[in-house]
Structure formats: C-alpha cells, structure tokens
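Trainee: this one's sequence-less:
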C-alpha cells in the first residue's frame with residue numbers, strides 16, 4: 001500500500017479530542033481508524049497485519065494530530081502532541097498483548 005495514498009486521504013481525519021486519557025483509547029481507536037482505512041484502500045484483503053512502524057507512519061502522515069486531555073487536578077484540558085499520542089498508543093497495545 002502506498003503511504004502517500006494514506007497521507008493524502010487522511011489529512012483531516014482526526015479532530016482535536018476533548019476526552020479523558022482513558023476515553024481517547026477506548027472511544028477513538030487509532031488502530032481501528034488505521035485498519036478501516038487499510039480495508040477501504042484494499043477491499044479484497046481479508047486479513048490485515050501491520051507493525052508499530054506502519055502505525056507510526058500513519059500517525060505521522062496525518063496533517064495535524066494532537067490531543068486535549070482533561071486533567072481533574074487542574075480542572076483544565078492539557079495539550080499533548082503527536083509523540084505523546086504515539087507513546088500512549090504503544091502502551092495501550094502493549095497492555096492488550098498481555
């Protein structure tokens with residue numbers, strides 16, 4: 001699959017999130033969005049497999065990606081960047097694997 005094809009079609013896929021950290025990974029699955037896009041681009045493919053590098057390329061290919069996560073201790077939304085999202089996604093996948 002062409003990474004440029006994914007980049008071009010997903011440039012505005014993610015809005016800013018206004019959720020708690022737990023909700024970010026339970027309600028809006030980055031992996032699920034990536035998998036749906038792969039299926040959309042390759043409808044004949046029955047099984048999908050990818051590694052963390054593919055997922056990171058997907059995240060990096062998005063034009064703008066950030067998260068606003070509510071922090072109860074300061075009663076405010078705190079901004080997090082793409083790198084934080086990648087780290088949290090990796091941690092989430094690690095938990096699922098065990």
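Mentor: Now that the structure is in, tell me what you want to look at. Small disclaimer: the values here were computed from a predicted structure and weren't measured.

Trainee: which residues touch the residue nearest the centre of the chain?
Mentor: The centroid of the chain falls nearest to residue 30 when counting by C-alpha atoms, centre = their mean (2.9 Å). Applying C-beta atoms under 8 Å, 6 or more residues apart in numbering to residue 30 gives the contacts 55, 58-59, 85, 89. Quick note: C-beta positions are derived from backbone N, CA and C, even for glycine.

Trainee: Among those, which one has the most neighbours?
Mentor: Most neighbours among the contacts of residue 30, by other C-beta atoms under 10 Å: residue 58, with 22 neighbours.

Trainee: Secondary structure of it: a helix, I assume?
Mentor: Yes. Under DSSP: H, G, I helix; E, B strand; the rest coil, residue 58 sits within a helix.

Trainee: What distance do you get for it to residue 66?
Mentor: With distances taken as C-beta to C-beta, to the nearest Å, residue 58 is found 16 Å from residue 66.

Trainee: ranges for the strands of the chain?
Mentor: 17-19, 67-71, 76-80 (DSSP state E).

Trainee: how about a markdown table for the ones you listed, with mean neighbour count, mean pLDDT and distance to residue 37 added?
Mentor: What follows is the strands of the chain, written out as a markdown table (neighbours: other C-beta atoms under 10 Å; pLDDT from 0 to 100; distance: least, C-beta to C-beta, whole Å):
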| stretch | mean neighbour count | mean pLDDT | distance to residue 37 |
| --- | --- | --- | --- |
| strand 17-19 | 16 | 46 | 18 |
| strand 67-71 | 16 | 84 | 19 |
| strand 76-80 | 13 | 90 | 22 |
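
Trainee: Out of the contacts of residue 30, the closest to residue 78 would be?
Mentor: Nearest to residue 78 among the contacts of residue 30, counting by C-beta to C-beta, is residue 85 at 13.1 Å.

Trainee: which non-adjacent residue is nearest the closest one?
Mentor: Closest residue to residue 85 apart from its sequence neighbours, by C-beta to C-beta, 6 or more residues apart in numbering: residue 67 at 5.8 Å.
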